[in-house]
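# Starting from these lines, generate the structure:
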Amino acid sequence: MTKLSVNINKFATLRNSRGGDNPDVVKAAIDAQLFGADGVTVHPRPDERHIRYEDVRQIKKIITTEFNIEGNCREQKFIDLVLETKPHQVTLVPDTLGQLTSDHGWDTVSNKDYLQQTIKVFKDAGIRVSIFVDPDVAMVEGAAATGTDRIELYTESYAKQYANGNKDAAIKPFIAAATKAKELGLGINAGHDLDRQNLQFLKQQIPWIDEVSIGHALICDALYLGFENAIQLYKRQLQ
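Down below sits the predicted model:
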């Protein structure tokens, strides 16, 4: 079964636009679980422009499903937060300071030594590690050499080509990357620009995906359809 982890960053973006605590980010995490999500994802950034570090601490107190923290592990503040809160999974993303959104995977070959050292820190603390990678077989092979437990396939290129009507071409490199990951014993997550239109095809073509992390599209759908309904609609795409 492929699990759905709901990224609740957008709740924090909306809250921060006015100050105060409306919408309540912790309640959003509680409700995501009640409404059927298999996990909750947050991606704190150093400027705390959406999820704040204190949000992560408060969410950890109430989490009953899987907790996934994404972020830039080159920031010591991020490493310290993860080791403090001990989520079920940490997803390492090669963001730069001030980056609007994640837009590429790790070069797992040139960053092998750094990733090995960093991943060991988290695994020694009992935290499962996933690293963001592009759908490139060489990068998947490099990921296996770092000691990571999983990879997260960065799916923006898939989503763009799918939207343009090129779904077969769009999925091809992802099937190759996922097949190699499976051969190497790596778990497979996927995320970025996945939505109700393209999710089912991804799942059908790569049925062994462990988890998808979806935020922006799901929250946009929730504005029209309701949060609980949106979560259930996405889960149906994964069945």
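# measure Asp195 to Ile214 for me?
Remark: distance between Asp195 and Ile214 (Cβ to Cβ, to the nearest Å) = 8 Å. The way it works is simple: take the backbone N, C-alpha and C, and place the C-beta from them, glycine included.
# More neighbours: which of these two?
Ile214 (27 against 17; other Cβ atoms under 10 Å).
# Torsion angles phi and psi at the spatially most central residue of the chain?
The residue lying closest to the centre of the chain (Cα atoms, centre = their mean) is Ser213, at 4.2 Å. Backbone geometry at Ser213, expressed as degrees, to the nearest 10, gives phi -110, psi 120.
# So what sits opposite the closest residue to it other than its chain neighbours in the bridge?
Nearest-residue entry for Ser213: Gly191, 3.9 Å, with adjacent residues in sequence omitted and distances by Cβ to Cβ, 6 or more residues apart in numbering. Beta-bridge partners of Gly191, counted by DSSP bridges, are Tyr154, Ser213.
# mean confidence score for stretch 82-101?
Across stretch 82-101, pLDDT averages out at 83.
# again but with stretch 30-46, I slipped
Stretch 30-46 comes out at a mean pLDDT of 96.
# Identify each buried residue in that stretch, please.
30-33, 35, 37-45 (16 or more other Cβ atoms under 10 Å).
# and Ser110, how far is that from Met139?
10 Å.
# out of those two, which sits in the more crowded spot?
Neighbours per residue (other Cβ under 10 Å) separate Ser110 from Met139, with Met139 holding more: 22 against 10.
# Which helix or strand contains that one?
Secondary structure assignment for Met139, by DSSP states H and E: helix 137-146.
# quick one, strands of the protein?
3-7, 39-42, 66-71, 89-92, 128-133, 150-154, 187-191, 211-214 (DSSP state E).
# partners of the second one in the sheet?
It stands for strand 39-42. Per DSSP bridges, strand 39-42 is paired in its sheet with strand 3-7 (parallel), strand 66-71 (parallel).
# how about the CA coordinates for it, as PDB?
Extracted in PDB, the C-alpha atoms of strand 39-42 (Å, rounded to 0.1, in the frame of the first residue of the first chain):
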ATOM      1  CA  GLY A  39       1.300  10.800   7.800                       C
ATOM      2  CA  VAL A  40       2.000  14.500   8.200                       C
ATOM      3  CA  THR A  41       4.800  16.300   6.400                       C
ATOM      4  CA  VAL A  42       6.400  19.600   7.300                       C
END
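# Can you list the neighbours in contact with it?
Strand 39-42 is contacted by residues 3-9, 29, 32-33, 51, 55-56, 59, 63, 65-70, 88, 91, 211, 213, 215 when judged by Cβ atoms under 8 Å, 6 or more residues apart in numbering.
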